[in-house]
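Trainee: got a predicted structure plus its sequence, pasted below:
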Amino acid sequence: MKKIKEKWGITSNTQLIIIFIVFGITGSLSLIVTQPLLDFIGFKKGIISSWLYIPLKLILIFPAYQVILIIIGTIFGQFRFFWNIEKKMFARLGFKMFKS
């Protein structure tokens, strides 16, 4: 736990627990939110091939997760922490506007 706290710049165990809770809620919500979107678009698992359905679901989950992470992080008072995580991730993906 000490290494994680140092790496992320966290000072308290409470903050670390809140961050873990936010990651857990975000992962679950991103899956819950994307399923109705796929159904609305007309991509149902029984109708289209799994070879097409799974990549489409993953492509849809990725942006949903990013947005939900910021929203849930803000609700739990950790906007700055999660915004920094998002900036690092987008910089690694090649978005130059997020590089330090």
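Mentor: Great, that's in hand. For clarity, every value in this text was computed on a predicted model and none was experimentally measured.
Trainee: burial count for Ile70?
Mentor: The number of residues packed near Ile70 is 18, by other C-beta atoms under 10 Å. Every residue, glycine included, has its C-beta placed from N, CA and C.
Trainee: just give the nearest non-adjacent residue to it, would you?
Mentor: Using C-beta to C-beta, 6 or more residues apart in numbering and skipping residues adjacent in sequence, the residue nearest Ile70 is Phe82, 5.8 Å away.
Trainee: the one you found: what's it in contact with?
Mentor: Contacts for Phe82 (C-beta atoms under 8 Å, 6 or more residues apart in numbering) come out as Val22, Leu69, Ile70, Gly73, Thr74.
Trainee: give me the buried subset of the residues you listed.
Mentor: Buried members of those, counted by 16 or more other C-beta atoms under 10 Å: Val22, Leu69, Ile70, Gly73.
Trainee: inside helices: which ones of the residues you listed?
Mentor: Applying DSSP state H to the buried ones among the contacts of Phe82, the entries found in helices are Val22, Leu69, Ile70, Gly73.
Trainee: out of these, which is nearest to Lys5?
Mentor: Val22 (15.6 Å; C-beta to C-beta).
Trainee: of all the residues in stretch 42-55, which ones are buried?
Mentor: Buried positions in stretch 42-55, judged by neighbour count with 16+ other C-beta under 10 Å: Tyr53.
Trainee: now do the same end-to-end measure for it.
Mentor: 15 Å (C-alpha to C-alpha, to the nearest Å).
Trainee: in stretch 74-87, what's buried?
Mentor: Within stretch 74-87, judged by 16+ other C-beta under 10 Å, the buried ones are Phe76, Gln78, Phe81, Phe82, Ile85, Glu86.
Trainee: got the residues you listed as TSV, with pLDDT, secondary structure and distance to Ile41 columns?
Mentor: Below are these laid out as TSV (pLDDT from 0 to 100; DSSP: H, G, I helix; E, B strand; the rest coil; distance: C-beta to C-beta, whole Å):
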residue	pLDDT	secondary structure	distance to Ile41
Phe76	97	coil	31
Gln78	95	coil	32
Phe81	94	helix	33
Phe82	95	helix	28
Ile85	91	helix	29
Glu86	90	helix	25
